[in-house]
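[1] here are the coordinates; sequence isn't available:
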Ligand SMILES: Cc1cc2nc3c(=O)[nH]c(=O)nc-3n(C[C@H](O)[C@H](O)[C@H](O)COP(=O)(O)OP(=O)(O)OC[C@H]3O[C@@H](n4cnc5c(N)ncnc54)[C@H](O)[C@@H]3O)c2cc1C
């Protein structure tokens, strides 16, 4: 069994602010981390390894520094890391990102057939949740999104049964493999790397694939291959104000008074 797990390096959003003049993210001095949803995807990949002896390949598209998120995946058990890095990949929207990742995974599968591609549900910077399904589309394989539990795998019949978390209910779905799965955070609790794991990960060579390796049409990747571009980023303005409570609105009836104000302002409705 071969699992490919897609990992993106993202700015630690707890440290990010928006420049009030340029309306862009202030990235200087901001630490970069593994996209939190992808830590669950990596953990799930390692669980496939623990249960079925799967081989795990971690893949990331990003600048040279994204090598760190691959080493982190290796430190907890991934077998190899492949970094897709080229200036030509820069400025990619979700379409161009999934084109590069999809083709790279096809290349990986030529050497070792791939059974499952694991992605996080979404990233914490782009937040679109489109790349996983985009990869499945480009590879022409089924997609199982929003998965919060893997129920069973039948390696002989090449099928997998999972639970999907939908609004207010769950759905049990069975699919043929190869397939692409995006995971919810509830699917598992990511393990921490051990010290030997970290040391081993430091010694492993990360392969770097540029477009010289993938040979994609330059018009289908990076900025040139991206029909969507981010024009402006801004924090929504919040209406500020204060509500003065009258004389009668003392502690005893404070809850009722606040509730009445909320109804008055059409924030809550009573049926
Ligand atoms: C603030 C901001 C807003 C943006 N808005 C848009 C927009 O509206 N439309 C648009 O097309 N693009 C947008 N982008 C660009 C977008 O971030 C990139 O296309 C990005 O490479 C992938 O999209 P995502 O981060 O939304 O990933 P998602 O689709 O949310 O990611 C889902 C999963 O796919 C995998 N994955 C995603 N990217 C990579 C990667 N580079 N390497 C490995 N695995 C990966 C991970 O497993 C991840 O958990 C935006 C970027 C930023 C920073």
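    That came through, no problem. Fair warning: this is a prediction, and the values are worked out from it, not measured in the lab.

[2] use CA for all of it now, contacts and neighbours both
    Fine.

[3] and the gap between residue 256 and residue 263?
    Distance check for residue 256 against residue 263: by Cα to Cα, to the nearest Å, it reads 11 Å.

[4] actually residue 128, sorry about that
    34 Å.

[5] go on, residue 182?
    Counting by Cα to Cα - residue 182 and residue 263 are separated by 40 Å.

[6] do residue 86 as well
    For residue 86 relative to residue 263 (Cα to Cα), the value is 55 Å.

[7] which one's more surrounded, the two?
    residue 86 (17 against 12; other Cα atoms under 10 Å).

[8] can you pull the contacts of that one?
    Contact analysis of residue 86 by Cα atoms under 8 Å, 6 or more residues apart in numbering lists 62-63, 209-211.

[9] now do residue 69
    Contacts of residue 69 (Cα under 8 Å, 6+ apart): 7-9, 33-34, 60.

[10] which of those residues fall within strands?
    9, 33-34, 60 (DSSP state E).

[11] got a quick ChimeraX command for the buried subset of these?
    Entered in ChimeraX, the line below selects the buried ones among those, by 16 or more other Cα atoms under 10 Å:
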select :9,33,34,60
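
[12] quick one on the thing from earlier: show me which pair in the contacts of residue 69 is furthest apart.
    Using Cα to Cα, the two most remote members of these are 33 and 60, lying 12.7 Å apart.

[13] give me the common contacts of these two.
    9, 69.

[14] doesn't residue 4 lie inside a strand?
    Yes: applying DSSP: H, G, I helix; E, B strand; the rest coil, one finds residue 4 inside a strand.

[15] quick revisit: so which of the ones in strands among the contacts of residue 69 reach the ligand?
    Applying Cα under 6 Å from any ligand atom to the ones in strands among the contacts of residue 69, one finds that residue 60 fall near the ligand.

[16] return the member of the ones in strands among the contacts of residue 69 nearest to the ligand.
    Nearest to the ligand, judged by Cα to the nearest ligand atom, of the ones in strands among the contacts of residue 69 is residue 60 at 3.8 Å.

[17] let me see the contact set for that closest one.
    Neighbour list for residue 60: 6-9, 66-67, 69-70, 82-84, 101 [criterion: Cα under 8 Å, 6+ apart].

[18] pairing partners for the helix or strand where residue 149 lies, with directions?
    Per DSSP states H and E, residue 149 falls inside strand 143-154. Sheet partners assigned to strand 143-154 using DSSP bridges are listed as strand 159-166 (antiparallel), strand 179-183 (parallel).

[19] test my guess that residue 58 contacts residue 5.
    Yes: Residue 58 lies in contact with residue 5 (Cα atoms under 8 Å); the separation is 4.8 Å.

[20] near the ligand, which residues of this protein show up?
    Residues of the chain lying close to the ligand (Cα under 6 Å from any ligand atom) are 6-8, 37-38, 59-62, 92-94, 97, 119-123, 125-132, 228, 230.

[21] I'm done for today, thanks for sticking with me.
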